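Participant: fold the following for me, if possible:
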Amino acid sequence: MSGERREGRIVVVGASLAGLRAAETLREEGFTGSLTLVGDEPCPPYDRPPLSKQVLLGRVRAQDVGLPRRREVDAVWKLGVRAVGVDPIGKRVLLADGERLPYDRLLIATGTRARPWPDPAEAALDGVMTLRTADDAVRLAERLDAGPRRVLVIGAGFTGSEIASACRERGIEVTVAERGPSPLVGALGGALGALAATVQRAHGVDLHCGVTVTALKGRDGRLTGAEFSDGSRIDADIAVVALGAVRNTEWLADSGLAAGPRGVACDAGCRAFDMYGIVTDDVFVAGDVARFPHPLFEYQILALEHWGNAVAQAEVAAHNMVSPGPRRRPHLAVPAFWSSQFGLNIKSVGVPTFSDQVVIAQGSLRERRLVAVYGYRGRITAAVSVNRAKWLEHYQGLIETAAPFPPASGVADRPDAGVPVPSDVPSPRTLSHGPTVALTGHLPDRRLTLVRHD
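Facilitator: Residues are numbered from 1 along each chain as shown. I've put the predicted structure just below:
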């Protein structure tokens, strides 16, 4: 490693999972310079997956889900303060409290926030909530402890479905509203979406698919219920808005970077692009806010809201920030995620939405214990297990080697396995919930004007 890259000033904006793991990796890789982490939440980094699972069930307190430290990072922590801009010429990060942080290299790891209910007056009703932060989880768990008559969950993606599962496990009546044809369909396609619908109804969920919530109703400032697009209405004490995530990029509007609602675009080495598509050498991106090309998926630009991706990408970004060009490495990890809901352990490798066909290779939908394998243009792109995770390592190897789809018949454990059907992945525009994997190929929405800095 060159001494120049080992020293200097690095600022990490985003003090959650990706920011913490990047900071640890920087020190592990021998960076001895000044390291500053900026985070808008006042608390140290914590783990988000337990919030919609163990915390809502009362098994773990929100204050006990802090992320373990792999090593001391010897950093200045600026918590509870937002970054509001970047000066790329002066190489400074602008903070909401007026401070200007100089940097030699910058890592953007600002992640996402919960998408709010679109009507501000209705969103302000007491009982209308989102779930993204530890504070959100504390407030929602307290409301569930109070024993509401009914909870409305708007959006049946993974977060919404996990919230509904926690409500039913607590014995609380719950209604789920989803504009798409079934829960989880935006992430897993039609076959497993239909299975998710069957399982939710079997657990007593009042599931409404193919409808939208047209209004949240209240009295004296408190939520009383909701109206649906099919003309029906329900009474509810709590409405949890689970409409997906918003990427935290607004603070980069004047930065000159390729940043927008879909994230911050970067190359496979996590170097950010500027608005003209030119790669930078001093600004890097990692985690949920990043958009990056992946050669296993025809160089589609991916944006992933996955725990494992945040860790792997942060480690690659940190390595490349302190390494000369020939020693840099690409971020090529196969995406993976998991969910626990309604007695199902769902795990995935690859990108199920990057598919045109799917086959049940092991088990069956009826047994609710299976492995579904996805393919696109004759090669394997993903596998999803339901209560049968031991096979995923095998399929990850097939994805990494672009193995042909459908998989070899010798893998199947039933004579009738291996018959592909359309994967029925809907357009995200037809869903209430946002996808956890977004194929974000660029669609220009404005005319570029060349700005010269003399």
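Participant: contacts, neighbours, all on C-alpha from now
Facilitator: Noted.
Participant: beta partners of the closest residue to residue 248 other than its chain neighbours?
Facilitator: Leaving aside its chain neighbours, residue 248 sits nearest to residue 112 (5.2 Å; criterion: Cα to Cα, 6 or more residues apart in numbering). With DSSP bridges applied, residue 112 shows beta-bridge pairing to residue 247.
Participant: distance of residue 112 from residue 191?
Facilitator: 29 Å (Cα to Cα, to the nearest Å).
Participant: what's the distance between the residue nearest to residue 248 and residue 282?
Facilitator: 23 Å.
Participant: thinking again about what came up before, the residue nearest to residue 248: what's it in contact with?
Facilitator: Contact analysis of residue 112 by Cα atoms under 8 Å, 6 or more residues apart in numbering lists 245, 246, 247, 248, 288, 289.
Participant: how close does it get to residue 245?
Facilitator: Counting by Cα to Cα - residue 112 and residue 245 are separated by 6 Å.
Participant: same question, residue 19
Facilitator: 18 Å.
Participant: and residue 36, by the same measure?
Facilitator: Distance from residue 36 to residue 245, by Cα to Cα: 26 Å.
Participant: hmm, back to that, give me the more crowded residue out of residue 19 and residue 245.
Facilitator: residue 19 (31 against 19; other Cα atoms under 10 Å).
Participant: count of residues packed around the nearest residue to the more buried one once chain neighbours are set aside?
Facilitator: Once flanking residues are discounted, residue 19 sits nearest to residue 109: 5.8 Å by Cα to Cα, 6+ apart. Number of residues near residue 109 (other Cα under 10 Å) recorded here: 30.
Participant: contacts only, for residue 109.
Facilitator: Counting by Cα under 8 Å, 6+ apart, residue 109 has contacts 12-16, 18-19, 285-290.
Participant: quick one: the helices in the stretch 301-450 of the chain?
Facilitator: 307-321, 392-400 (DSSP state H, counting those that start in this stretch).
Participant: can you tell me what sits against the first one?
Facilitator: Outside helix 307-321, the residues within contact range by Cα under 8 Å, 6+ apart are 5, 17-19, 21-23, 25-26, 29, 105, 107, 269-271, 282, 284-288, 327-331, 333, 335-337.
Participant: please pick the buried ones from those.
Facilitator: The neighbour count (16 or more other Cα atoms under 10 Å) marks 5, 17-19, 21-23, 25-26, 29, 105, 107, 269-271, 282, 284-288, 331, 335-337 as buried among those.
Participant: restricted to helices, list those.
Facilitator: 5, 17, 18, 19, 21, 22, 23, 25, 26 (DSSP state H).
Participant: in this structure residue 114 contacts residue 130, no?
Facilitator: Yes. Using Cα atoms under 8 Å, residue 114 is in contact with residue 130, at 6.5 Å.
Participant: neighbour count for these two, which is higher?
Facilitator: residue 130 (25 against 17).
Participant: look up the pLDDT of the more buried one for me, please.
Facilitator: Residue 130 is assigned 98 on the pLDDT scale.
Participant: swap in the one 4 residues further on?
Facilitator: What the model reports as pLDDT for residue 134 is 95.
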